[in-house]
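Participant: Fold the following and give me the result.
(one chain, ligands or ions: 1)
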Amino acid sequence: MQDWPGLIEAYRTWLPVSNSTPVVTLREGATPLIPVPSIAERIGKGVKVYVKYDGLNPTGSFKDRGMTMAISKAKEAGCEAVICASTGNTSAAAAAYARRAGMRAFVLIPDGYVAQGKLAQALVYGAEVLAIRGNFDTALDIVREVSDQYPVTLVNSVNPYRLQGQKTAAFELIDALGDAPDWLCIPMGNAGNITAYWMGFQEYHQAGRSRTLPRMMGFQASGSAPLVNETTVTDPETIATAIRIGNPVNREKAIAARAASNGAFLDVTDEEILQAYKLLGGEEGIFCEPASAASVAGLLKRKDEVPTGATVVCVLTGNGLKDPDCAINNNDAAFHTDLNPDLGTVAKVMGF
Ligand SMILES: *Cc1c(COP(=O)(O)O)cnc(C)c1O
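Facilitator: Below is the predicted model of the structure:
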């Protein structure tokens, strides 16, 4: 097997890079598309369901796809520092790629609402972490002002290079399936990823690489569903912290993607998210973070509308290891503790 060069080299002709762009890469992309028969069975009708497991990117989320582009272009422009607001994964990716490029990385996070694994990453990758007493939306307002007033490049998904990098996930889906799926199920926070996927699907379609275009099915947590409810949520709440965003910056683009693809938005409760999360882990051996499970929860909620024989892809945006607290607190595992250290005890607990 040939060594994967990272997504900028793999899809260079589709991306706004030139020979003078310094490519900053951790060999992100080329993530697996995994069949999930237990989900397909729950839908029936000969439907095929896959997950695009983007939790296997170098920092454990799809944010790496956007960050390789954003940081490469920032470096090309001579920038020496980047900043982002983050529910966790953007900060992990920004920190890793910025440090690899020799830049400073400043990350603003909502104090107390970032999963442990993500915080650990930002610290280990050497970011300068600023935890504010406020939510993601407030943090984003601040970093936008900072980047306006100081020589620091903003790498949130308002940075257009982020979406350029992220659109390659749609290319990979078509390259793997031979055509676009019928449905693309995806969680929405700031709605950059759904926008990027739609861009990728359209570009490949226009170039004749796919016959069809998917319906874009976007899902939000019920306590944080500004797109579903066509509103702004001032106090978003959900166990899925990666999509705990009340005022998505890519709102208009996401709505346009829904309209153009004949798609739909729907919310799923935290309970439904956790059910899907456990199902993926317990029946498929796939550990994703709660926000990612929203795509599968949404599909199951809409299962009656899936056409017979359809191919569905659910995007698993981040790795389950990002949020160990959620995992420990939400599982149906048999966990026997405080046992005597002898064969008799162990065998008995095992049922022998
Ligand atoms: C960022 C993120 C999302 C939301 O993506 P948007 O582009 O903000 O809609 C979903 N899941 C995970 C794990 C994320 O890190």
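Participant: State the pLDDT value of the most centrally placed residue in the chain.
Facilitator: With distances taken as Cα atoms, centre = their mean, residue 317 lies nearest the centre of the chain, 2.8 Å away. Here the pLDDT value assigned to residue 317 is 98.
Participant: That one against residue 193, yeah?
Facilitator: Yes - in terms of Cβ atoms under 8 Å, residue 317 counts as a neighbour of residue 193; the distance is 6.8 Å. In short, each C-beta sits where N, CA and C put it, glycine included.
Participant: any common contacting residues for these two?
Facilitator: 62, 186, 187 (Cβ atoms under 8 Å, 6 or more residues apart in numbering).
Participant: Okay, and which of the residues you listed map to strands?
Facilitator: 186, 187 (DSSP state E).
Participant: as a whole number, average confidence for stretch 30-47?
Facilitator: Confidence for stretch 30-47, expressed as mean pLDDT, is 98.
Participant: Excluding its own residues, what touches that stretch? List them.
Facilitator: For stretch 30-47, using Cβ under 8 Å, 6+ apart, the contacting residues are 4, 7, 10, 48-57, 169, 172-173, 176-177, 279-280, 283-284, 286, 296, 299-300, 303, 306-314.
Participant: Give me the distance between the two termini of that stretch.
Facilitator: 24 Å (Cα to Cα, to the nearest Å).
Participant: hmm, back to that, give me the buried subset of the contacts of stretch 30-47.
Facilitator: The neighbour count (16 or more other Cβ atoms under 10 Å) marks 7, 10, 48-57, 169, 172-173, 279-280, 284, 286, 296, 299-300, 303, 306, 310-314 as buried among the contacts of stretch 30-47.
Participant: Assign a three-state SS to residue 321, would you?
Facilitator: Here residue 321 is recorded as helix under DSSP: H, G, I helix; E, B strand; the rest coil.
Participant: Give the closest residue to it in space, chain neighbours not counted.
Facilitator: residue 117 (5.5 Å; Cβ to Cβ, 6 or more residues apart in numbering).
Participant: For the one you found, grab the count of nearby residues.
Facilitator: By other Cβ atoms under 10 Å, the residues close to residue 117 number 21.
Participant: same thing with the one 10 residues further on?
Facilitator: Applying the criterion other Cβ under 10 Å, we find 25 residues in the vicinity of residue 127.
Participant: Pull the contacting residues for it.
Facilitator: Counting by Cβ under 8 Å, 6+ apart, residue 127 makes contact with 91, 94, 95, 98, 99, 105, 106, 107.
Participant: what's the distance between the closest residue in space to the residue nearest to the centre of the chain that isn't next to it in sequence and residue 352?
Facilitator: Closest residue in space to residue 317, ignoring its immediate chain neighbours: residue 292 at 4.6 Å, by Cβ to Cβ, 6+ apart. Distance from residue 292 to residue 352, counting by Cβ to Cβ, to the nearest Å: 38 Å.
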